[in-house]
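> any chance you can model this:
(chains A and B)
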Amino acid sequence: MSLTYPRTTAAVAVAIAVAWAIASGQTAPPPIHFTYRPIDFRLDSCETPRRHAPETMAGGVALFDYNNDGYLDIFFTNGADIESLKKTSPKYSNRLFENDGKGQFHDVTAKAGLAGTGFDDAVAVGDYDNDGREDLFVGGVHGNHLYHNDGGVFTEVTAKAGLTAPDADYGPLWTAGAAWVDVNNDGLLDLFVVNYLAWDWKTEPSCEAAPGKLDYCHPKFYKPTPNQLFLNQGDGTFRDVSAEAGIRAHPGKGMGVAAADYDLDGLMDFFVTNDKMHNSYFHNKGGVRFEEAAFNAGVALTEDGKFISGMGADAQDLDNDGLPDIAFAALDGETFPLFRNLGKRGFADVTRAGGLSRLTLPMAGYSPTIADFDNDGWKDIFVTRGHVQATAQSKVQIDQPNTVFRNLGGTKFQALTGEAGLSAIPPARHRGSAVGDLNGDGRLDLVTTALSAPAEVWLNDSPGEAHWLEVKLEGTVSNRDGIGARIQVTAGASLQHVQVSLSAGYASSSAAPAHFGLGSATAATAVEIRWPSGTVQELKNVAADRLIRVREPRPREQ
Amino acid sequence: MVPAALRFVSLALLAAQLWSAVPEAVAEAARGAALAKEGQFDLAIQHYQAALRLDAHLPGLYLNLGLAYFKSKRLPEAAAAFEEAVRADGNSFQARALLGMSYYGCARYAEAATQLKLAAQAQPDNLELRYTLAQSYLFAGQNAQAQAEFQFLVSKNPDSAPAHVLLGEALDASNQPDAAIAEFEAAVKVSPAPPDAHFGLGYLYWKQQRYAEAAREFAAELASQPQHAQALAYLGDAEMHTEHEKEARAHLERALALDPKIRLVHLDLGILAAASDADAAVRFFREAIRMDASQPDAHYRLGRLLHQQGREHEAEAEFEAVKKLAAEEPPPPLIRLPGRPHP
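Sure, this is the predicted structure:
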């Protein structure tokens, strides 16, 4: 009997400790969390033991509303037979999945006419003819395709649009990315095409990672190729203005493009990552003339002057100072660089200063996408991870989980992988990624692809009741998608900016509505839209937790 | 252990061999041995070589010749002599161990490891031998084997800080930074910590960009070695990256005063000066380039600074230097171009 009291005390103490531990865990949930949902698509790049370069570079994905029913649909690019570059089997088909609004995705590829024919990598969404229906540009190895949206059914118009001519000097090109942007503010979306490197199945070198073990060759073994700019003529055709615009003179090994008006002069510029070459920064001087100014702007290389494996890129305002900053992915040992926009003074590499360098040093990534995943008013960076190589070595982690870097208020980040639910499935060689609110709950979801593996849908179920606002633009004088518009939202003490651009990360295209996390604010006190046409539109006291559609006023309507 | 009966057989064989040897050769070899005992190795070598000319099969002659070369630090010749000794008697522990040591001394680490491993099989508890074997593995890039050897040494000497340091180095070379750090942490717990143990631990943290922890370890090294210029340099660098610019500058300037040849100090002082004293920054960057023009960092930073100063031609020259370095940079060593045609 004498032991009863102490024993009970001890038991109570243990119970309290356990309960406290459980409670502690419950009261500190991860700030960003995703739940995996499968989707019936497997990326097949025809990976062979020979390890031909395109086999490791597939995987673009797009989120867009192809039938204007208000729900985001998913389009996946896919590979082809590596020798013929033809889709010789249904397993290579590109796929379009329609969102029924009830949580299900249905394959409508055949009905939409989007199965494709070649080895496809990149996808860019844009309403190039301003008819209110999103069109698709699909870029790939030695063949690009333009699909016009006729109303849920697509017609290939590549030849008619004038996008089929092979390059006179470089031959067939390999497109790894693209962006629809109105470079001259004439209200028509032009097409910027990022080309990777000169590749030929017949003459490609063989490279070994270990004796007898072939792996993908270093980019040094291939020649660079130029990017392209096609000017929209307004009649369904495009004119290649790459040379006269000053783009063609700067060939590279392009992997990603982040289009933004970096210097806020009203003209869209292009930042292009290159693989083991210095990045390119095409500053728009007006009159469809660009100057390549990466070194002077401070975005050519990381601060230590290293030539790294620039992969996909994205640009948005991460520190809420009104200027779009640049994030891009690279391989292990190279970090995922972050360039802070200093305005007229160019950019500063803040990767190390902000701690992102240390977090990302062991990682290899492909597709960064910048968006506010926890609706706290600070945009985060999601990166698909996975190595370019296929052979495991002691220093190389081939399959990797994805990671979201939570913005702690500017340029400092917290890496969330398992905590964010992203280790729920085995690691993989992830490639493309696209962001959008798939289920209309105000939290941004993700779709990612992985080589020789199923695609992944990541539904955002982050805790908390932070408020949000989505702004879907409809240009009238400006391009219909409002690409290039600068949206400023004031909510409480927070001031945020989004530049509308659909091209995202690696080879991918994100959903159009501009998304703003409002934190505890239940309304935006002001929403200011600076259209590419120069029109400035302001909305006052916009209630939170909804998507608003904003039509650009015509001059007589103002 | 050699059984007694076998030992008798061996001695009988040796006697029989000597019995059949050329007497003049035996006399030359004996003179050589006497001179070697007096430390006159060059003369000893001459007599051994004379003996060899008379009778190349004289037992033990190559071993003694090799030893004389070894003692006179003529390691390639020593290795050649020991190779012959091993060829004559593959079971000789001495010959194999000395051959391994000679290879090690000649920086032929993979061959050293092969011989020392065989020798270690005969004397597994010979820790000096195992230490050299472990080092040979490490320098030959055979990291897994190096780790195993150093782990054995640590198990034999758990309180030996140098053993922990060496195992840490092996783990670091195998790209196991966390395990390497654990070994260095064990090393610095031994009191007093061996010289450079805190510095080594700090350097591992620094490589992982764990600058606050790195700074703590560099400071600990400096507590016992205040004139450690490298520790000052890296401490300054770590402080610069943790936004302690005032302290960084002070430590870097002290490092510069102690040793003006540390490139990192010039680079960092250039970075720190860039915001307030561009001319000084230019000088520091130029000095860093002068010390090692093959590193792109100083070229790139100098180019950006010159551009900000409007010195476009000079800036362009630095940017071109960066591009040239990149063009000349070979692909990673693990990826090569066999140039084989397609099947």
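
> contacting residues for residue B:218?
Neighbouring residues of residue B:218 by C-beta atoms under 8 Å, 6 or more residues apart in numbering or on different chains: B:198-199, B:202, B:231-232, B:234-235, B:238. Placement of C-beta: from N, CA and C, glycine included.

> am I right that it sits in a helix?
Yes. The assignment for residue B:218 (DSSP: H, G, I helix; E, B strand; the rest coil) places it in a helix.

> which residue is the nearest non-sequential neighbour of it?
residue B:235 (3.8 Å; C-beta to C-beta, 6 or more residues apart in numbering or on different chains).

> distance check, the one you found against residue B:282.
25 Å (C-beta to C-beta, to the nearest Å).

> swap in residue A:256?
Taken as C-beta to C-beta, the span from residue A:256 to residue B:282 is 34 Å.

> which one's more surrounded, those two?
Using other C-beta atoms under 10 Å in any protein chain shown, the more surrounded residue of residue A:256 and residue B:282 is residue A:256, with 31 against 20.

> hang on, that one packs against residue A:505?
Yes. Residue A:256 is within contact range of residue A:505, at 6.9 Å (criterion: C-beta atoms under 8 Å).

> return every residue with contacts to both of these two.
Common contacts of residue A:256 and residue A:505, defined by C-beta under 8 Å, 6+ apart, comprise A:312-314, A:367.

> now, the residues you listed that are in strands?
Those of the shared contacts of residue A:256 and residue A:505 mapping onto strands are A:313-314, A:367, per DSSP state E.

> neighbour count for those - can I get that in CSV?
Below are these laid out as CSV (neighbours: other C-beta atoms under 10 Å in any protein chain shown):
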residue, neighbour count
A:313, 33
A:314, 35
A:367, 34
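
> quick one: the strands in the stretch 201-343 of chain B?
In chain order, the stretch 201-343 of chain B shows no strands, with DSSP state E, counting those that start in this stretch as the criterion.

> picking up where we left off before, nearest to chain A among the contacts of residue B:218?
Nearest to chain A among the contacts of residue B:218: residue B:238, at 11.6 Å, using C-beta to the nearest C-beta.

> ok, that closest one touching residue B:215?
Yes. Here residue B:238 reaches residue B:215: they are 4.1 Å apart, a contact under C-beta under 8 Å.

> shared neighbours of these two, which are they?
In contact with both residue B:238 and residue B:215: residue B:202, using C-beta under 8 Å, 6+ apart.

> pick the one among the shared contacts of residue A:256 and residue A:505 closest to chain B.
residue A:313 (19.2 Å).

> re earlier: next, count neighbours for the residue nearest to residue B:218.
For residue B:235, using other C-beta under 10 Å, the count is 31.

> next up, the contacts around it.
The contact partners of residue B:235, taken as C-beta under 8 Å, 6+ apart, are B:202, B:214-215, B:218-219, B:222, B:251.

> how about the stretch 1-150 of chain A: which residue is closest to chain B?
residue A:50 (7.6 Å).

> Three-state assignment for that residue, please.
coil.

> the helices in the stretch 351-500 of chain A, which residues?
Here the stretch 351-500 of chain A has its helices, by DSSP state H, counting those that start in this stretch, at A:356-360.

> all strands of it, in order?
Under DSSP E, counting those that start in this stretch, the stretch 351-500 of chain A gives strands at A:365-371, A:380-385, A:403-407, A:413-416, A:430-436, A:445-450, A:453-460, A:467-474, A:486-491, A:494-499.

> what's the closest of these to chain B?
strand A:413-416 (13.1 Å).

> up against chain B, what does chain A have?
Within reach of chain B by C-beta under 8 Å from any C-beta of the partner chain, chain A has these residues: A:50, A:202, A:204-210, A:215, A:217-218, A:220-221, A:276-278, A:295-296, A:298, A:300-301, A:303-307, A:345, A:352-353, A:357-358, A:361, A:393-395.

> apply 7 Å and report the result again.
Listed as neighbours of chain B in chain A under the rule C-beta under 7 Å from any C-beta of the partner chain: A:205-209, A:217-218, A:220-221, A:278, A:295-296, A:298, A:301, A:304-307, A:352, A:357-358, A:361, A:394-395.

> just checking, which of those belong to strands?
A:207-209.

> which of the three states applies to residue A:188?
Secondary structure state of residue A:188, per three-state DSSP, is coil.

> I'd like to know how many residues surround it.
Neighbour tally, residue A:188, other C-beta under 10 Å: 21.

> what mean pLDDT would you report for stretch B:248-268?
Confidence over stretch B:248-268 (mean pLDDT, whole number) is 97.

> is there proximity between it and chain A?
No. Applying C-beta under 7 Å from any C-beta, one finds stretch B:248-268 out of contact with chain A, separated by at least 9.2 Å.

> secondary structure element for residue A:542?
According to DSSP states H and E, residue A:542 maps onto strand A:536-543.

> give me the helices and strands touching the next helix or strand after that strand, please.
For strand A:536-543, the following helix or strand on the C-terminal side (DSSP H and E) is strand A:546-551. Under the contact criterion of 3 or more C-beta pairs under 7 Å, 6 or more residues apart in numbering or on different chains; DSSP states H and E, strand A:546-551 touches strand A:467-474.

> so what touches the strand it packs on?
A:375, A:437, A:442, A:480, A:482, A:485, A:487, A:489, A:500, A:512-519, A:521-522, A:524, A:527, A:529, A:542, A:544-552 (C-beta atoms under 7 Å, 6 or more residues apart in numbering or on different chains).

> pull up the pairing partners for that strand, direction included.
Each strand paired with strand A:467-474, and its direction, by DSSP bridges: strand A:514-519 (antiparallel), strand A:546-551 (parallel).

> distance between the first one and the chain's centre?
Its chain's C-alpha centre lies 18 Å from the corresponding centre of strand A:514-519 when counted by C-alpha atoms, centre = their mean, to the nearest Å.

> how about JSON lines for the contacts of residue B:235, with distance to residue B:287 added?
Converted to JSON lines, the contacts of residue B:235 look like this (distance: C-beta to C-beta, whole Å):
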{"residue": "B:202", "distance to residue B:287": "25"}
{"residue": "B:214", "distance to residue B:287": "24"}
{"residue": "B:215", "distance to residue B:287": "24"}
{"residue": "B:218", "distance to residue B:287": "23"}
{"residue": "B:219", "distance to residue B:287": "26"}
{"residue": "B:222", "distance to residue B:287": "24"}
{"residue": "B:251", "distance to residue B:287": "18"}
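
> picking that back up, nearest to residue B:256 among the ones in strands among the shared contacts of residue A:256 and residue A:505?
Nearest to residue B:256 among those, counting by C-beta to C-beta, is residue A:313 at 38.6 Å.
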